[in-house]
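Chemist: structural data only, the sequence is not supplied:
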C-alpha cells in the first residue's frame, strides 16, 4: 500500500505536471491533497472522456499528464481513446480504480460488468496495463515500466485495486457558506412533501439513499451508476407518460457530467418534468472532492437550454415555494438548491430492493395510472432470465 503523500511524490518524481480526472473513493486520500494545491496541478473533469481530452491537450502542450478515474466511467473514455489518443499517438498515463474487482460487493450491481471487462477491453485496444494492489508492485516500479510505452507515443493504464492507495490524508471539515444551507435530507424531505403523486427519479450516490430512507415508494426510481443520466431517463419517461408528473433529484456533479441533457430536455419541452438540482459543490459519495463547477450557474444554463422556468433556492421555504409553482404551472422547470456538503450517507436502496425490482415496480406504478387506448397498451413488467 502506498500513502497519499507518497503517491503525489511519485507523480512529481516521474515529471507529471498535471493531474485530471473524476473522483473515486479509491483515490480519496491523494485527491484531498490535490484539492489543497499539493502535488501537480489538479483539474477536476466533468467526465472521464473530458479528462482524456484535457490530458491530451496537456501532453500536446508539453506537460505530461496523469488521469485518475474509476472503471465505472471507463466507457466515457472509449471515444477519445480510440479516435484521439491512439491515432494521434498521444502518450498519457491513466490510473483506473477497479470497482467490483475481483467481485462486486453486495448491493453494488452497477460495478459487476466493469469489474470484469476493463482488462479485456484494454487488450482489444492494444493498450498495455498494469495492476497495482496493496501487496505490490510499488507505484514507482509501475511508472518506470510505463516509460518505454509512453516514449512510443502510446497510452499506459494502471489498474488500481481497492486498498492499494491509503486513504490517510487529513480530512478537512466541509466548507459551508455563510448562513445555513439546506442539507441533502432536508431537500429530499421538502421534495417529498410537495411532490404528491409525482414519480421521483434520483441520481446515483447519496441523493438516492436519502430518497429511499426518507420516502421509499414504488413510484421512485433509484439510479445506481450511469452517473449524469437520470435526467435523460426522466425525459423518456415523461414523454411516454404525458398524463403523469415527474420530478428529478439530481446533483451538481451529475449534471455537469452530461450537461448536454439540459438542451435535449429544453428542446423536447415536456410540461410534466421538474428538475431539482442539489448544488453543494462536491462529490459527497466519493469523499467530498470539489466538482470543478463552482462558477457554473445551473439555473441560467437551464433557461438558456429552453427550460420554461428556473429558480434558485437558498432555503427550504424557497425550495417548497418554487416546487409548488413548478408542479402547478408546468415545465420543463429547474429548481437549483444551494445546499450544504456532508451528512450521513444512509442505506442503499439496492441493499433492500434489487435493481431489477426497482425498475419493475416503477413500471407497474406507471401502468396503474396509464389510460388504456387502442393505440397505447400497457407494457408487461420484465421477467428474470
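Modeler: Now that the structure is in, tell me what you want to look at. This is a predicted model, so every value here is computed, not measured.

Chemist: what segments of this structure are strands?
Modeler: Secondary structure of the chain (DSSP state E): strands at 18-21, 41-44, 65-70, 93-97, 129-132, 156-160, 199-202, 220-222, 246-251, 273-279, 282-283, 289-290, 309-313, 333-338.

Chemist: just send these back as TSV, with mean neighbour count, mean pLDDT and distance to residue 114 too.
Modeler: For the C-beta atoms, the positions are set from N, CA and C on the backbone; glycine is no exception. Converted to TSV, the strands of the chain look like this (neighbours: other CB atoms under 10 Å; pLDDT from 0 to 100; distance: least, CB to CB, whole Å):
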stretch	mean neighbour count	mean pLDDT	distance to residue 114
strand 18-21	26	97	16
strand 41-44	20	95	21
strand 65-70	26	96	8
strand 93-97	27	97	9
strand 129-132	19	98	14
strand 156-160	24	98	11
strand 199-202	27	96	21
strand 220-222	24	96	19
strand 246-251	28	96	21
strand 273-279	28	97	26
strand 282-283	24	78	18
strand 289-290	21	77	20
strand 309-313	20	96	34
strand 333-338	27	96	31
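
Chemist: now those as a markdown table including distance to residue 321?
Modeler: Converted to a markdown table, those look like this (distance: least, CB to CB, whole Å):
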| stretch | distance to residue 321 |
| --- | --- |
| strand 18-21 | 38 |
| strand 41-44 | 33 |
| strand 65-70 | 38 |
| strand 93-97 | 42 |
| strand 129-132 | 51 |
| strand 156-160 | 46 |
| strand 199-202 | 19 |
| strand 220-222 | 23 |
| strand 246-251 | 15 |
| strand 273-279 | 13 |
| strand 282-283 | 26 |
| strand 289-290 | 30 |
| strand 309-313 | 8 |
| strand 333-338 | 10 |
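
Chemist: between those strands, which one is closest to residue 368.
Modeler: strand 199-202 (11.2 Å; CB to CB).

Chemist: can you give me the buried ones in stretch 111-127?
Modeler: Going by neighbour count (16 or more other CB atoms under 10 Å), the buried part of stretch 111-127 is 111, 114-116, 118-119, 121-122, 127.

Chemist: neighbouring contacts of it?
Modeler: With contacts defined as CB atoms under 8 Å, 6 or more residues apart in numbering, stretch 111-127 is touched by 71-72, 74-75, 78, 81-82, 86, 96, 98-105, 128-129, 154-157, 159, 225.

Chemist: ok, back up a step: figure out which of the strands of the chain is closest to residue 267.
Modeler: strand 273-279 (12.6 Å).

Chemist: which strands or helices does that closest one pack on?
Modeler: helix 184-195, helix 230-240, strand 246-251, helix 252-257, helix 298-304, helix 316-329, strand 333-338 (3 or more CB pairs under 8 Å, 6 or more residues apart in numbering; DSSP states H and E).

Chemist: now do 7 Å
Modeler: With contacts taken as 3 or more CB pairs under 7 Å, 6 or more residues apart in numbering; DSSP states H and E, strand 273-279 sits against helix 184-195, helix 230-240, strand 246-251, helix 252-257, helix 316-329, strand 333-338.

Chemist: in its sheet, what does the last one sit against?
Modeler: Taking DSSP bridges as the criterion, strand 333-338 forms sheet pairs with strand 273-279 (parallel), strand 309-313 (parallel).
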